[in-house]
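Undergrad: Predicted model and sequence below, questions to follow.
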Amino acid sequence: MPTNLSKLSCRFAFLTFCALGLTRLAANAEVYQTIETSFSITNLSTDPFDYTITDVRVEVAQPDSTTVWLPAFFDGGTTWRVRHTPTMIGLYQVNSITLNGQPLAVSNLQPASWTVTGPVVSPGFVQVDPANASRFITSNGRRYFPVGHNVAWDTSATTNVVSTLARLGAARENWSRIWMDNWDGKNLDWPRPGAFGQLSLSVAQKWDGIVAAAEQSGVCFQMTLQHHGQYSSSVDPQWSSNPYNTVNGGFLSNATQFFTNATAKALTKRKLRYAVARWGYSPAVMAWELFNEVQFTDAAQAGQWSIIGAWHDEMAQFIRSQDSYHHLITTSSDLNQPIWNQCDYYTHHDYPADLISTLSDPAGVPGGQPLKPIFGAECGLDNTPHLGVNAPIWAGLMGAQAGNSQPWWWDRIDADNDYASFHAASDFTRYSGLAEQNTLNRSSPHVTSSQNSALIFSPGGGWGNAVQDTFTVQDAAPSGIGTLPSYLQGTYHRSMTPNGYTFLVNYPPGGGTFSVQILIVASSGAGLTISLDGTTANSISFPSTTSDQNTNYTLSVNVPAGQHTLNLWNPGLD
């Protein structure tokens with residue numbers, strides 16, 4: 001999501017429907033349509049939210065004589081429930097119910113069996129394609145290519161998650177991303193409903209409605225379980241009001257301890273276990289997303305990536321130990337940090353100055369890391385109505401990744417009624433067969449005209465280390481420009497851009513100009529030198545000031561016809 005910092009690097013589709021229909025209590029159901037039973041446990045003396053001492057599980061016999069053990073969830077009073085998604089026709093029945101592995105006698109079990117008759121109403125769960133580790137498929141073996149946009153939280157009475165999901169479905173969008181946040185009543189334990197470890201059943205019911213709306217709309221979504229602001233004192237900070245904070249009666253003296261404190265990890269696992277038990281049945285849940293932009297937490301800002309990585313590994317392994325449906329797991333942050341070991345796919349977030357150049361040439365799987373699906377789960381919206389949706393949608397389709405680039409500003413999308421743009425993109429991927437392609441080759445069309453015009457492009461990598469510093473400029477933005485850091489470093493951070501930036505050009509008869517626009521200068525002072533074929537052609541120096549300075553300065557050089565080498569260098573401090 002956008003933050004109050006400078007834009008940092010934080011970061012096909014056959015139309016499919018993930019699930020249809022609300023939970024059914026009846027004894028008949030269809031394949032991939034939820035079956036549910038409820039029962040009562042009386043005289044329970046242990047905490048119903050603490051799975052370590054109240055581990056209630058239900059064994060369900062399936063038509064092929066196999067059984068599946070499912071975690072049950074507490075739903076108030078003496079009521080417990082379990083939900084299951086059938087994958088075949090025939091008789092399903094409850095075999096047994098256990099408490100901490102021991103047989104448990106319950107009352108009011110209803111129903112105790114179901115007859116599933118079909119037909120198949122859904123493609124099933126989203127998985128990684130076993131035949132191609134860079135693509136998604138659904139349970140029916142068809143390719144799944146995410147096309148959609150974020151709907152993270154309610155922004156008004158009319159633009160809320162449930163109603164907006166219906167509009168996504170009508171536009172044939174098949175993906176979204178929804179946060180478990182506190183400001184619109186979607187966090188299970190914030191505000192605290194009681195003692196630490198207790199979870200809000202009213203919040204859980206709200207999520208029931210969200211999951212049902214996603215199922216009805218044919219939208220698969222990432223359930224974002226934590227977000228950076230909860231454990232940040234600098235970026236979208238909420239740490240001061242976090243219930244875990246000692247100043248609020250909690251047990252953490254600083255936000256960084258969240259990743260290592262035994263109590264914090266135990267309470268997080270309670271919440272994860274409850275989410276898996278209550279909503280893990282649904283194919284509409286594409287993935288459990290462990291964190292939104294964890295790079296903005298205090299721990300990450302202090303460089304403590306080892307503890308963040310260890311936390312991610314532990315939580316992902318815990319979810320897998322509880323989730324009978326094997327949902328995908330992901331997170332969101334710097335692709336080069338050690339948080340992806342246990343994740344099933346990578347996501348990046350992009351807020352570049354040049355949407356088209358960056359999103360059509362996005363960050364890929366980091367070097368040395370295993371091949372997995374990757375796509376942009378957030379991207380910035382230009383303030384120009386419609387342009388900020390059309391540009392990223394279509395540029396994202398050209399990125400040759402496992403999904404589209406997914407715009408962030410859902411309230412603006414809703415206000416501008418931009419759903420037709422998503423409808424068109426979904427239809428394009430469906431009818432073109434784009435999602436079915438295992439590999440895609442990048443190409444730039446050669447444009448001829450009686451009159452030359454300017455080629456304009458921007459680096460899209462935000463703050464980071466350069467992985468490429470030489471670019472060949474032809475008829476379109478050069479390959480790799482989307483990952484080029486948008487900060488040209490000076491002496492203080494020379495190692496991030498050690499060679500400056502070099503552009504290999506070939507100007508037409510008559511020559512032309514090469515111009516660089518500078519948008520911000522560090523308070524320490526900076527400079528820009530443009531060299532042409534090894535000789536300084538123009539330069540500018542900016543003195544130190546009391547704070548970073550926004551500017552709109554353009555430095556230009558004249559370039560003769562023919563092939564030349566242009567280099568950008570910052571001789572300043574920062």
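TA: Sure, I can see it.

Undergrad: tell me the SS of the residue nearest in space to the middle of the chain?
TA: For the chain, Ala377 is the residue whose C-alpha lies nearest the centre (CA atoms, centre = their mean; 4.1 Å). Secondary structure for Ala377, judged by DSSP: H, G, I helix; E, B strand; the rest coil, is strand.

Undergrad: host element of the closest residue in space to it that isn't next to it in sequence?
TA: Nearest residue to Ala377, sequence neighbours excluded (CB to CB, 6 or more residues apart in numbering): Thr347, at 3.8 Å. The C-beta positions use only the backbone N, C-alpha and C, and glycine is treated the same way. For Thr347, the host element (DSSP states H and E) is strand 346-350.

Undergrad: Now do that strand: which elements does it pack against?
TA: Packing partners of strand 346-350 (3 or more CB pairs under 8 Å, 6 or more residues apart in numbering; DSSP states H and E): strand 374-379.

Undergrad: what angle separates the strand it packs on from strand 346-350?
TA: Angle between the axes of strand 374-379 and strand 346-350 is 40 degrees (criterion: axes from the mean of the first three to the mean of the last three CA atoms, to 10 degrees).

Undergrad: Strand 374-379: what's the following helix or strand?
TA: Criterion used, DSSP H and E; the element after strand 374-379 is helix 387-397.

Undergrad: Just give me how far that following helix sits from the chain centre.
TA: 17 Å (CA atoms, centre = their mean, to the nearest Å).

Undergrad: returning to what we had before: could you check the distance from the residue nearest to the centre of the chain over to Thr331?
TA: Using CB to CB, to the nearest Å, we find Ala377 at a distance of 10 Å from Thr331.

Undergrad: Name the residues contacting each of the two.
TA: Common neighbours of Ala377 and Thr331 (criterion: CB atoms under 8 Å, 6 or more residues apart in numbering): Thr347.

Undergrad: all helices of the protein, in order?
TA: Per DSSP state H, the chain carries helices over the ranges 161-170, 201-217, 262-279, 298-301, 305-322, 355-359, 387-397, 410-416, 419-432.

Undergrad: winner for burial among the ones you listed?
TA: Ranked by mean neighbour count, the helices of the chain are led by helix 355-359 with a mean of 26 (mean count of other CB atoms under 10 Å).

Undergrad: Mind giving me the packing neighbours of that helix?
TA: In terms of contacts (3+ CB pairs under 8 Å, 6+ apart), helix 355-359 is packed against strand 374-379, helix 387-397.

Undergrad: Domain-wise, how is this protein divided?
TA: 28-116, 151-436, 470-569 (automatic domain parsing).

Undergrad: of the ones you listed, which approaches Pro130 most closely?
TA: domain 151-436 (12.1 Å; CB to CB).

Undergrad: re the thing from before, any chance of CSV for the helices and strands packed on helix 355-359, columns distance to Trp410?
TA: Shown next, in CSV, are the helices and strands packed on helix 355-359 (distance: least, CB to CB, whole Å):
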stretch, distance to Trp410
strand 374-379, 11
helix 387-397, 11
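
Undergrad: which of those has the lowest average pLDDT?
TA: Of all these, mean pLDDT reaches its minimum on helix 387-397 (a mean of 90).

Undergrad: what angle do that one and strand 374-379 make?
TA: 170 degrees.

Undergrad: And Ala466, how close does it get to Pro498?
TA: 8 Å.

Undergrad: quick one: which of those two has more around it?
TA: Ala466 (22 against 11; other CB atoms under 10 Å).

Undergrad: Contact partners for that one?
TA: 484-485, 496-499, 501.

Undergrad: can we see that at 10 Å?
TA: The contact partners of Ala466, by CB atoms under 10 Å, 6 or more residues apart in numbering, come to 459, 480, 483-485, 487-489, 495-501.

Undergrad: now swap in Leu440 and tell me
TA: 12, 397-401, 434.

Undergrad: Any regions of this protein where pLDDT drops low?
TA: Scanning the chain with the threshold set as pLDDT under 70 gives 1-30.

Undergrad: how close does Ser524 get to Trp69?
TA: 60 Å.

Undergrad: same thing with Thr158?
TA: For Thr158, the distance to Trp69 - CB to CB - is 42 Å.

Undergrad: hang on, isn't Tyr231 packed against Asp298?
TA: Yes. Under the criterion of CB atoms under 10 Å, Tyr231 makes contact with Asp298 at 6.3 Å.

Undergrad: overlap in contacts of the two?
TA: 237, 239, 254-259.

Undergrad: Buried subset of those residues as a PyMOL selection?
TA: Buried residues within the shared contacts of Tyr231 and Asp298, by 16 or more other CB atoms under 10 Å, are selected in PyMOL with:
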select buried, resi 237+239+255+256+257+258+259
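
Undergrad: and the shared contacts of Tyr231 and Asp298 as CSV, adding distance to Thr42?
TA: Output for those, formatted as CSV (distance: CB to CB, whole Å):
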residue, distance to Thr42
Pro237, 45
Trp239, 41
Asn254, 43
Ala255, 41
Thr256, 43
Gln257, 39
Phe258, 37
Phe259, 39
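
Undergrad: quick one: which of the shared contacts of Tyr231 and Asp298 sit in strands?
TA: The members of those all map outside strands under DSSP state E.

Undergrad: Excluding sequence neighbours, find me the nearest residue to Pro243.
TA: Arg192 (4.9 Å).

Undergrad: OK, contacts around the one you found?
TA: Here Arg192 is in contact with 198-200, 243-244, 248-250 (criterion: CB under 10 Å, 6+ apart).

Undergrad: now that we have the residues you listed, which one has the most neighbours?
TA: Tyr244 (24 neighbours).

Undergrad: wait, it sits on Lys265?
TA: No. Taking CB under 10 Å as the definition, Tyr244 is not a contact partner of Lys265, at 11.4 Å.

Undergrad: residues shared between the contacts of the two?
TA: Counting by CB under 10 Å, 6+ apart, the residues touching both Tyr244 and Lys265 are Phe258.

Undergrad: How much space separates Leu371 from Met286?
TA: 19 Å.

Undergrad: Same check on Gly141?
TA: From Gly141 over to Met286 the distance is 17 Å, taken as CB to CB.

Undergrad: more neighbours, those two?
TA: For Gly141 versus Met286, the count of surrounding residues by other CB under 10 Å is larger for Met286: 29 against 11.

Undergrad: need the contact list for that one.
TA: 18, 125-127, 136, 138, 144, 146, 174-177, 214, 219-223, 327-328, 330, 345.

Undergrad: Kindly recompute the last result at 6 Å.
TA: 126, 220-222 (CB atoms under 6 Å, 6 or more residues apart in numbering).

Undergrad: excluding its backbone neighbours, what's nearest it?
TA: Using CB to CB, 6+ apart, the closest residue to Met286 is Cys220 (3.8 Å).

Undergrad: ok so, going back, can you name the two of the contacts of Ala466 that are farthest apart?
TA: Longest span within these, CB to CB: Gly480 and Ser495, 19.4 Å.

Undergrad: Which one's more surrounded, the two?
TA: Gly480 (18 against 9).

Undergrad: Ser122 and Tyr32 touch, don't they?
TA: Yes. Shown here, Ser122 and Tyr32 form a contact pair, counting by CB atoms under 6 Å, at 3.8 Å.
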